[in-house]
Structure formats: structure tokens, C-alpha cells
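> With the sequence up front, the predicted model follows.
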Amino acid sequence: MPVHDLSSDGHSDGTRIQSVARACQLMLWLAERPHGATAKEAAFARHLTLPTTYHLLNTLADQGLLEKNAQRRYVIGPAAAQLAPVHARGLPTVDEL
């Protein structure tokens, strides 16, 4: 998944933090996996070193955006559920289009 360097108007607007981009990419990648993934699977799939992957996954888990299940697989966590409704509230309704 590519890193998007464009603002909402389609223009680049400043510096990006690579670790934040990687964390976002991991979250989006994991969101596509209903059974989650191990750190090793995520590192391989996202072309990251295992230590970097562990740091990113554990940081996201500390924030509640991911969690590690009983099978030691990382899955989307409860805090991630707060994001979709916020986004949905900002979308125009069919009548507004």
C-alpha cells in the first residue's frame, strides 16, 4: 500500500513521518485480515525488519488500536472502532450530493 503524500486538495504539504506512515500501513493491512497476523507475518508482508515491526505493533497495541489475541496474533483493537463513525459523520448524505 503506498504512502499518500497529498493533502485533501491533491497537493503535497510538508514533511511526513515514516514511522507514522508505516504504522498506518500496518493497521490498514491488518484490517484486511479477519484472523490478524503474527509480527513475523506482518514484517514479511510489509517488508519491514522484525524489530521495527514489533515496535510499531506494540505501540499501536499500547494505544488500543491493535491487540494481541490468545494465538499471539495482532488484530484490530477496540480504539480503532472510534475512527469509522467520526469519518462517517463527515460524509455528505445522498441528498447533499
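Perfect, thanks for sending it.

> And the helices in this protein?
For the chain, the helices defined by DSSP state H occupy 18-31, 39-46, 50-62, 83-89.

> among these, which is nearest Tyr74?
Tyr74 lies closest, by CB to CB, to one member of those: helix 50-62, at 5.2 Å. No exception for glycine: its C-beta is placed from N, CA and C like everyone else's.

> measure the closest residue to Ile76 other than its chain neighbours to His87 for me?
Excluding the flanking residues, the one nearest Ile76 by CB to CB, 6 or more residues apart in numbering is Ala31, at 5.7 Å. Here Ala31 is placed at a distance of 13 Å from His87 (CB to CB, to the nearest Å).

> quick one, which of those two is more surrounded?
Using other CB atoms under 10 Å, the more surrounded residue of Ala31 and His87 is Ala31, with 12 against 8.

> count of neighbours near His47?
So His47, with other CB under 10 Å, has 6 neighbours.

> about what we covered before: of all the helices of the chain, which one comes closest to Arg73?
The nearest among the helices of the chain, by CB to CB, is helix 39-46 at 8.3 Å.

> elements contacting that closest one?
Contacts defined by 3 or more CB pairs under 8 Å, 6 or more residues apart in numbering; DSSP states H and E place helix 39-46 against helix 18-31, helix 50-62.

> looking at these, which is closest to Ala70?
helix 50-62 (14.2 Å).

> What residues of the closest one count as buried?
Using 16 or more other CB atoms under 10 Å as the test for burial, helix 50-62 gives 53, 55-57, 60-61.
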